[in-house]
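Visitor: Got a predicted structure here, sequence first:
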Amino acid sequence: MEPDKRLTHSRMATAKSCLRKHQYRYELGIRGIKEAKALRMGTAFHRGREYGWTMTPDEAIVKAITKSYDGVSRGDTTPGEDYAWQLEREIVARLLSGYFWRWADTDASEFEVVSTEKNFEVPLRNPATGKSTPSFTLAGKRDAILISRTDGRRILYEMKSTSDPVEPDGDFWLVLVIEAQLSTYYIAADAEGQPCETALYDVIRKPSIRPRLIPLLDDDKCKIVRDEVGQRIYNKPTKAQEKAGEKGKPRQSANIENGWVLETRPETIDEYGTRLTADIGDQPERYYARREVPRLQADLDEHAFELWQYQQLLRECQRESRWPKTTSQCLAFGRCEFFNLCTGGFDVAEFESTRMLPDGFMLADTVHPELA
């Protein structure tokens with residue numbers, strides 16, 4: 001296949017991580033079949049936000065959930081896998097509901113929407129000479145461009161989802177000060193004649209609370225504790241109970257040393273969702289945060305040189321057909337998507353001849369699904 005010339009933030013981040021991974025994803029178009037949970041949830045959040053600019057919150061949530069989850073083939077699933085799938089949908093729905101509740105008044109009063117989810121593709125220029133390269137273009141998809149109703153500034157808007165804390169003085173925000181994606185979007189907006197005075201990061205934090213195990217109760221609303229052979233455990237009877245030939249009260253806590261186990265059931269999806277909504281209502285600042293993240297011209301100049309240097313590196317790899325591995329990344333964030341290809345003797349030349357892939361891999365319709 002002809003190499004795709006669009007250099008996106010995702011593509012450059014992949015190249016920075018591992019050039020061999022870049023080869024598989026962007027030169028050969030290979031993908032793992034199983035979609036990552038974090039990617040799927042992030043896409044659902046973005047859809048909800050996009051639809052929410054023009055729809056009611058309820059309409060936006062329903063459409064985002066339907067498009068992101070309904071009709072997506074999961075293959076054969078175990079009960080545990082099905083529970084996890086339903087839980088993920090519930091988390092997305094509850095977080096989007098809380099999001100619209102948190103920012104409803106702010107969005108209506110402070111921003112005018114210029115564009116949402118718009119692709120861009122602009123020349124990639126040498127910052128020293130101003131000349132563009134024929135080998136790559138700079139491409140991506142912006143979440144939105146807004147106009148401040150307060151002072152008329154044009155705002156580059158980006159939504160993020162994260163598992164990290166989003167308190168005002170946390171490292172999460174410090175990283176965004178130097179984050180490459182935002183600088184790329186600034187440069188592209190300027191090339192399109194839409195220079196932005198500032199950027200607004202809109203962050204949703206995924207919940208740290210997880211489903212609980214709910215104790216089972218008997219008809220008298222008492223918990224049930226059993227021993228290793230399944231016999232129920234009772235406390236020592238009082239003298240009055242002993243005299244009457246009665247057992248003591250049912251034990252209400254487990255004892256690992258004795259092998260006494262509390263009977264439980266998983267929290268239902270609805271029970272968990274109700275608890276999550278209550279937690280969001282109690283501390284919305286834990287789940288939602290917004291902050292302006294401007295860029296100095298010196299920052300953008302530095303990033304422009306970085307873009308140019310990396311496209312030169314990719315061109316050299318393409319010319320030499322050599323793509324070095326970065327083995328420190330193989331297990332850095334869990335097992336790499338292409339770990340089995342690298343360790344299983346995958347032959348690129350054979351693949352290019354036969355177009356055959358090992359189990360678990362597929363050829364993508366596009367190497368830039370985020371632009372589709």
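Guide: Yep, it's here.

Visitor: Please name the residues that touch the residue nearest to Val113 when sequence neighbours are not counted.
Guide: Nearest residue to Val113 in three dimensions, chain neighbours excluded: Trp53, at 5.3 Å (C-beta to C-beta, 6 or more residues apart in numbering). For every residue, glycine as well, the C-beta is placed using N, CA and C. Taking C-beta atoms under 8 Å, 6 or more residues apart in numbering, we find Trp53 in contact with Val113, Thr116, Ala144.

Visitor: Tell me which residues of the helix or strand harbouring Trp103 come out buried.
Guide: If you go by DSSP states H and E, Trp103 is part of helix 79-110. Buried residues in helix 79-110, defined by neighbour count with 16 or more other C-beta atoms under 10 Å: 86-100, 102-103, 107.

Visitor: Tell me the spacing between Lys16 and Leu216.
Guide: 51 Å (C-beta to C-beta, to the nearest Å).

Visitor: Show me which of the two is the more surrounded one.
Guide: When Lys16 and Leu216 are compared for neighbours, Lys16 comes out ahead with 15 against 12, by other C-beta atoms under 10 Å.

Visitor: State the helix or strand in which that one lies.
Guide: Here Lys16 is assigned to helix 9-17, by DSSP H and E.

Visitor: do the same with Tyr185
Guide: helix 180-191.

Visitor: Flag every buried residue along stretch 58-69.
Guide: Ala60, Ile61, Val62, Lys63, Ala64, Ile65, Ser68, Tyr69.

Visitor: Same question for stretch 49-56.
Guide: Arg49, Glu50, Tyr51, Gly52.

Visitor: Same check on stretch 349-365?
Guide: Phe351, Leu357, Phe361.

Visitor: Helices - which of those land there?
Guide: By the criterion of DSSP state H, membership of these in helices covers Phe351.

Visitor: want to throw the buried residues of stretch 349-365 into CSV with pLDDT and distance to Leu300?
Guide: Shown next, in CSV, are the buried residues of stretch 349-365 (pLDDT from 0 to 100; distance: C-beta to C-beta, whole Å):
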residue, pLDDT, distance to Leu300
Phe351, 94, 39
Leu357, 94, 40
Phe361, 94, 38
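
Visitor: residue boundaries of the helices in the protein?
Guide: Under DSSP H, the chain gives helices at 9-17, 19-22, 37-52, 57-69, 79-110, 171-177, 180-191, 239-243, 269-282, 297-320, 339-343, 348-354.

Visitor: The fourth one vs helix 79-110, what angle?
Guide: It stands for helix 57-69. Angle, helix 57-69 to helix 79-110, by axes from the mean of the first three to the mean of the last three C-alpha atoms, to 10 degrees: 140 degrees.

Visitor: can you list contacts of stretch 244-252?
Guide: Residues outside stretch 244-252 that contact it (C-beta under 8 Å, 6+ apart) are 218, 222-225, 232-238, 241, 260.

Visitor: Provide a PyMOL selection command restricted to the buried entries of the residues you listed.
Guide: Those of those that count as buried under 16+ other C-beta under 10 Å are selected in PyMOL with:
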select buried, resi 223+224+225+233+260
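
Visitor: Which of the contacts of stretch 244-252 scores worst on pLDDT?
Guide: Lowest-confidence member of the contacts of stretch 244-252: Gln241, scoring 84 (pLDDT).

Visitor: Without its sequence neighbours, what residue ends up closest to that one?
Guide: Leaving out its chain neighbours, the residue that sits closest to Gln241 by C-beta to C-beta, 6+ apart is Gly248, at 6.1 Å.

Visitor: which strands and helices sit next to the helix or strand bottoming out on mean pLDDT in the chain?
Guide: Every helix and strand of the chain was ranked by mean pLDDT, DSSP states H and E. The lowest is helix 239-243, at a mean of 85. Using 3 or more C-beta pairs under 8 Å, 6 or more residues apart in numbering; DSSP states H and E as the contact criterion, no helix or strand is in contact with helix 239-243.

Visitor: Name the residues that touch it?
Guide: Against helix 239-243 from outside (C-beta under 8 Å, 6+ apart): Lys247, Gly248.
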